[in-house]
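Engineer: Need coordinates for the following:
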Amino acid sequence: MSSVIRSTDNEARKVARKLLQQARFAALSVLNEQKAPFVSRIALYVKTGSAPYSLVSELSNHTQFIKKEAQVSLLIGEPESKGDPLSYPRLTLQADASFVPRDSERFSQMRSDWIEHHPKSQLYADFTDFLFVEFQVKDAYLVAGFGKAYALTAADLKADSCSELPARQVN
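Structural biologist: Here you go, the predicted model:
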């Protein structure tokens, strides 16, 4: 049986980067205590050149599960209201999650950027149970439309659109 995964090209990279840059929300998959998948919807922000991150409450189940198992998966991409929802692009990220210390300069910068992009979060961003979790992407899987599936690396997502990478063949 031949692979349904296409060779990763610059167009696939552009679609993936666009999905990532436009993402305001994601489905977050973590493992619970029984090592079963647990999915939550989270707000998300991706600053150009940085890893995706979210503001989460320590009271939430997904935060507690991340503290025990850092490997997570994120699904990004929202179908439009018309047509087949499976025909719209979506990006799955495999990542390691890590928490940013509240007393760090980085936390302050993330908070500022976060509130700029999620202004309503200013109501709770300073609550002591809220913290930032950053997702270090290991690899990704793009479905760019019907029959258009690609395996991507973290480098594919970070590459500057001005310096494109050569096509990577499927083995």
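
Engineer: give the contact list for the closest residue in space to T153 that isn't next to it in sequence.
Structural biologist: With sequence-adjacent residues excluded and distances taken as C-beta to C-beta, 6 or more residues apart in numbering, T153 is closest to D139, at 5.7 Å. Placement of C-beta: from N, CA and C, glycine included. By C-beta atoms under 8 Å, 6 or more residues apart in numbering, the residues touching D139 are L93, Q94, A151, L152, T153, A154.

Engineer: For the last one, give its distance to K18.
Structural biologist: Same thing as A154. 17 Å (C-beta to C-beta, to the nearest Å).

Engineer: and what of the first one?
Structural biologist: In this structure, L93 and K18 are separated by 14 Å, where distance is defined by C-beta to C-beta.

Engineer: and what of the fourth one?
Structural biologist: Applying C-beta to C-beta, one obtains 13 Å for the distance of L152 from K18.

Engineer: What does the pLDDT read for the spatially most central residue of the chain?
Structural biologist: The C-alpha lying nearest the average C-alpha coordinate of the chain belongs to L74 (C-alpha atoms, centre = their mean; 4.9 Å). Note on L74: pLDDT of 98.

Engineer: what are the bridge partners for it, then?
Structural biologist: Beta bridges link L74 to L28, L93 when assigned by DSSP bridges.

Engineer: Confirm for me that S40 is in contact with N61.
Structural biologist: Yes: using C-beta atoms under 8 Å, S40 is in contact with N61, at 7.2 Å.
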